[in-house]
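Engineer: predicted structure and sequence below. I'll ask about it afterward.
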Amino acid sequence: MKSRLEINRRQFLGAASSAAVAMPAASYRRVPGANDRINIGLLGCGSRSAGHRRMAKMVEKEGNIRISDVCDIWTVNRNRAAEDVKRKFGYEPRRFKYSEEMLARSDLDAVMIATGDHQHAKLLVEVVKAGKDCYCEKPMANTLEDAKAARDAVLASDRVVQMGSQWVSCPYHRKVREIVRSGKLGQITRLEQSWNYNGPRWHDPKDPDIAMIREQDTDWKRWLLGRPWRPFDPRVYFEFRIFKDFSGGITDQWMSHGVGLCQFFLDLGIPDDMVANGGIFAWNDVRENPDTFQAVATFQKEGILYSFSTMFGNSHGDHTSIHGKKGTLYAVGGEGSPQWWFKAEMPSRWRHNRPGDQTLPETLAPQLVTIPGHPEIPPTDQSDDSYPHMMNWVECMRTRKQTHGHIMTGFNHSVAIIMATIAYRQGKKVYWDRKREQIVDRPPA
């Protein structure tokens, strides 16, 4: 018997490009044609929204888009965003405090969500139910209830949704996926990622916004959005990533990208099980989420072990590696690195592990993954502001085809990071029950 997830996923992947699901008549007027300008609203106008504005500027003319609206419950963020739009685009957008006010606009076609981690899924539901297409930052959700609600709302609509997992549109990562699918690596049994940083990530004792904000200038109850009540706290408001009621921290922010790429490269869904460990070892400040973390999962049917780790006390050793019986693909650098190498699996391989080592015979030396028209030697990092990912969303809004970061990619990465957060916090191995769509503490029958 197929689980509801498997049925929904099959139906979605088969029907996404045809947009066959019924929708309210008013929504038809919001399906942009090939030559129509797409009006986009920004929901949440903090630091990541600044990246959204930069991406919008990249595609403004080619994509024929307009930032028509900005929405944020904090007056300062809302006004900053509007002023930035005026500087970048030369016009004044409409300003809204509450999302329902902006979503009521009949001339609004799409929304980009860049709010707190715990708010993404609920707002995604609100956006698609209002008949708007959506770009939703990752993580899509950090509770299973929210993940299911967002998935079900999108699958019940015909809305074009793009997750903010921008690396799935990167030409180099798409090339890596192509190489994996070609069979060049042979049978793959492991994917490993280690993405690191040396600093008190997501915590700034001197953040001017923390000193500036006043409760009367925002809506604290709306910001909490159903999470446990606590008195207004400016530090929680801006540094939600380090507080466990609102985020898993490393799992939500970095592992969501990591496991999403693992699922993308290897055509995987949700892992069967997960273990995790770590702690607050480097930065004993106000944080509640770990600064040093490692999770390990298995995909039993495919026979693949997945490992993800991050430390904020040292930046050495950033890499991603995909291990097969015939060879290894590995990226030098952390999250989003486009510098990938292929190393054939050969005897005495432990003597041949340096990229570009010219002392090796040509047939044994690691081979750089290149793409015509791109840098001969790619950098080891790149901006989060992705032109390909933004353009993919804009094109799909016109064609009504499936985006690179469609809703099932969001659901899959969400379940995986929720499993990792639970495994870490409870100190035990957890499992995914595919039939019941539940995270359980023993292997499902």
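Structural biologist: That came through, no problem. Numbering: from 1, shown residues only.

Engineer: helices and strands of this protein: which one has the lowest mean pLDDT?
Structural biologist: Least confident helix or strand, the chain: helix 25-28 with a mean of 41, by mean pLDDT, DSSP states H and E.

Engineer: next structured bit after that helix?
Structural biologist: Downstream of helix 25-28, the next assigned helix or strand under DSSP states H and E is strand 38-43.

Engineer: so what touches that following strand?
Structural biologist: Residues outside strand 38-43 that contact it (CB atoms under 8 Å, 6 or more residues apart in numbering): 32, 49, 52-53, 56, 63-72, 81, 96, 99, 102-103, 105, 107-115, 123, 127, 132, 394, 397-398. All C-beta spots, glycine's among them, are computed from the backbone N, C-alpha and C.

Engineer: of the residues you listed, buried ones?
Structural biologist: The neighbour-count test (16 or more other CB atoms under 10 Å) marks 32, 49, 52-53, 56, 63, 65-72, 81, 96, 99, 102-103, 105, 108-115, 123, 127, 132, 394, 397-398 as buried among the contacts of strand 38-43.

Engineer: thought residue 413 was touching residue 262?
Structural biologist: No. Using CB atoms under 8 Å, residue 413 makes no contact with residue 262, being 9.2 Å away.

Engineer: more neighbours, these two?
Structural biologist: The neighbour count for residue 413 versus residue 262, taken as other CB atoms under 10 Å, is higher for residue 413 (29 against 26).

Engineer: ok, for the more buried one, nearest residue in space, not its chain neighbours?
Structural biologist: residue 260 (4.1 Å; CB to CB, 6 or more residues apart in numbering).

Engineer: element containing that neighbour?
Structural biologist: Applying DSSP H and E as the criterion places residue 260 in helix 256-266.

Engineer: what residues does that helix touch?
Structural biologist: Residues outside helix 256-266 that contact it (CB under 8 Å, 6+ apart) are 138-139, 163, 165, 167-168, 173, 176-177, 180, 188, 191, 193, 195, 268-269, 271, 297, 299, 302, 304, 306, 308, 320, 322, 335-336, 409, 412-414, 416-417, 420.

Engineer: what of stretch 247-255?
Structural biologist: 116-118, 138-139, 142, 195, 202, 240-242, 278, 287, 289-291, 293, 295, 308, 310, 335, 416-418, 420-421, 424.

Engineer: if we go to 7 Å?
Structural biologist: 117-118, 139, 142, 195, 240-242, 289-290, 293, 295, 308, 310, 335, 417, 420-421 (CB atoms under 7 Å, 6 or more residues apart in numbering).

Engineer: then stretch 368-378?
Structural biologist: Stretch 368-378 is touched from outside by 171, 172, 175, 176, 338, 339, 340, 341, 342, with contacts defined as CB under 7 Å, 6+ apart.

Engineer: restricted to helices, list those residues.
Structural biologist: Taking DSSP state H, the ones among the contacts of stretch 368-378 that sit in helices are 171, 172, 175, 176.

Engineer: pLDDT score for residue 365?
Structural biologist: At residue 365, the predicted lDDT confidence score is 86.

Engineer: low-scoring stretches of the protein, by residue?
Structural biologist: Residues of the chain meeting the criterion pLDDT under 70: 1-30, 34, 347-363.

Engineer: and the next helix or strand past the longest helix along it?
Structural biologist: Counting residues, the longest helix in the chain under DSSP H turns out to be helix 407-426. Using DSSP H and E, the helix or strand that follows helix 407-426 in sequence is strand 430-433.

Engineer: put the alpha carbons of that following strand into CSV.
Structural biologist: The C-alpha trace of strand 430-433 is given here as CSV (Å, rounded to 0.1, in the frame of the first residue of the first chain):
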residue,chain,number,x,y,z
VAL,A,430,14.8,8.4,15.1
TYR,A,431,13.0,6.8,12.1
TRP,A,432,10.7,7.9,9.4
ASP,A,433,7.5,5.9,9.2
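
Engineer: which residues does that strand contact?
Structural biologist: Everything outside strand 430-433 that qualifies as a contact, by CB under 7 Å, 6+ apart, is 270-274, 415, 419, 422-423, 439-444.

Engineer: part of a helix, is residue 178?
Structural biologist: Yes. The assignment for residue 178, made by DSSP: H, G, I helix; E, B strand; the rest coil, places it in a helix.

Engineer: count of neighbours near it?
Structural biologist: So residue 178, with other CB under 10 Å, has 12 neighbours.

Engineer: quick one: it from residue 371, how far?
Structural biologist: 10 Å (CB to CB, to the nearest Å).

Engineer: with residue 101 instead?
Structural biologist: Separation of residue 101 from residue 371 (CB to CB) stands at 44 Å.
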